[in-house]
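Enquirer: Show me how the following folds:
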Amino acid sequence: MSYRTALRAAVAFVLSAAALAAPVGVASASATGSPASNWPVSHPRVVKHFDAAAGQLPENQVVDADHSVTLVFAGSHQIARVTADGSTKVLATLPAPADGGIRTPTIGVAIATGLAKDQDGTFYVGYAAGNDSRTGVWRIRPGGTPQRVVALPADSFPNGIALDRATGQLYIADSSLGTVWRAPAAGGRPTAWATGAALARTASFGANGLKLHNDAVWVSNLDAGTLLRIPIGPHGRAGTAQTRYTGTPGIDDFAFPGRGDSVFAADFGSDRVLFIKPDGTRSVVLGAADGLDDPTSIGIADGTLYVTSAAYSTPANPDPNLLRADLGRGY
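Expert: Take a look at the predicted model:
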């Protein structure tokens with residue numbers, strides 16, 4: 001079974017569950033964004049198309065101030081930089097497992113996942129490879145070769161990751177084991193920082209996207225369709241998980257446009273980007289008509305919104321791409 005075939009089967013299962021649970025009466029997206037949003041999105045355009053057959057399925061991203069975007073290509077296990085003019089350069093390739101990752105939970109193929117960046121240009125990449133010698137978080141220093149610095153068990157699925165630069169700690173969402181791991185970025189043994197039913201998977205993927213924001217770890221649960229806030233307490237301990245939003249099975253990565261708790265979220269299950277307010281109300285700001293094809297991650301920099309589409313589930317003419325849109329002034 002090919003990479004895309006195996007992954008498409010898993011994604012189809014996720015999307016069918018999402019369709020059964022999806023709420024009705026949500027407004028359609030338009031090219032100019034939804035007027036209900038308090039952070040207007042306009043002029044969406046696809047700035048780069050990728051090669052699905054080569055495994056260039058963008059799963060996560062880091063956006064720099066110069067509008068270059070560093071991407072994780074899930075299928076080719078690569079990290080690549082796309083400059084503002086659209087040129088692409090592969091920075092590193094993670095070593096593929098000999099068996100292709102057949103023991104990787106849910107999907108049965110190895111996949112590169114989350115991405116975080118330190119101020120010195122070092123990248124940290126999540127890798128779900130289905131074996132004990134590959135699965136975990138890999139460090140890529142500028143000009144260096146990938147090195148695994150956090151080892152996770154074969155039955156884990158490291159997904160979204162974030163780096164706390166103040167403490168030097170990595171936080172890792174585990175979609176298989178329903179855990180947020182915490183580990184030193186310099187390398188070392190991970191600890192299960194947060195666990196519980198709110199993070200667990202019920203079908204395919206539990207804890208998924210992860211961000212640090214306002215003294216808390218925020219995590220999406222794709223199966224449950226929820227967005228959680230877990231306070232970082234004294235001595236770095238995890239507080240009680242708080243459900244801040246529910247109702248979108250298929251929610252993946254997300255990003256905060258400002259200091260408040262409003263958030264843009266990729267709705268992988270329905271080819272949408274949502275704007276979610278702190279009170280839980282939402283509006284659709286981008287959709288399939290704008291170029292989304294299984295959106296997987298959100299990036300924000302200098303008044304610009306970036307969305308990656310991995311096109312995992314598209315059976316014919318998949319269009320993995322990077323979309324860019326303008327952000328108006330919000331509050």
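Enquirer: most residues in a single strand of the protein, which one?
Expert: Determined from DSSP state E, the single longest strand within the chain is strand 41-49.
Enquirer: Contacts for the helix or strand following that strand, please.
Expert: Counting by DSSP states H and E, the next helix or strand C-terminal to strand 41-49 is strand 58-63. The contact list for strand 58-63, computed with Cβ atoms under 8 Å, 6 or more residues apart in numbering, reads 50, 69-74, 111-117, 123, 126, 160, 253, 296-297, 299-301, 304, 306, 308-310, 320-322. C-betas here are computed from N, CA, C, even on glycine.
Enquirer: Just checking: what are the partner strands of strand 58-63?
Expert: strand 69-73 (antiparallel) (DSSP bridges).
Enquirer: So what touches the partner strand?
Expert: Contacts of strand 69-73 (Cβ under 8 Å, 6+ apart): 50, 55-64, 78-82, 91, 112-115, 117, 123, 125-126, 299, 306, 308, 322.
Enquirer: Could you tell me the angle between it and strand 41-49?
Expert: Calculated by axes from the mean of the first three to the mean of the last three Cα atoms, to 10 degrees, strand 69-73 forms an angle of 60 degrees with strand 41-49.
Enquirer: who does the helix or strand just after strand 69-73 touch, helix- and strand-wise?
Expert: Downstream of strand 69-73, the first helix or strand assigned by DSSP H and E is strand 78-82. Packed against strand 78-82 by the contact rule (3 or more Cβ pairs under 8 Å, 6 or more residues apart in numbering; DSSP states H and E) you find strand 69-73, strand 88-93, strand 111-117.
Enquirer: Can you check what angle separates strand 78-82 from strand 58-63?
Expert: Using the same axes, to 10 degrees: strand 78-82 against strand 58-63 is 50 degrees.
Enquirer: Show me the contact partners of strand 78-82.
Expert: Taking Cβ under 8 Å, 6+ apart as the rule, strand 78-82 contacts 47-48, 55-56, 68-73, 88-94, 112, 115, 123, 125, 140, 322.
Enquirer: Would you mind checking those residues for buried ones?
Expert: 47-48, 55-56, 68-73, 91-94, 112, 115, 123, 125, 140, 322 (16 or more other Cβ atoms under 10 Å).
Enquirer: I'd like to know how many residues surround Gly239.
Expert: 15 (other Cβ atoms under 10 Å).
Enquirer: Much appreciated, bye for now.
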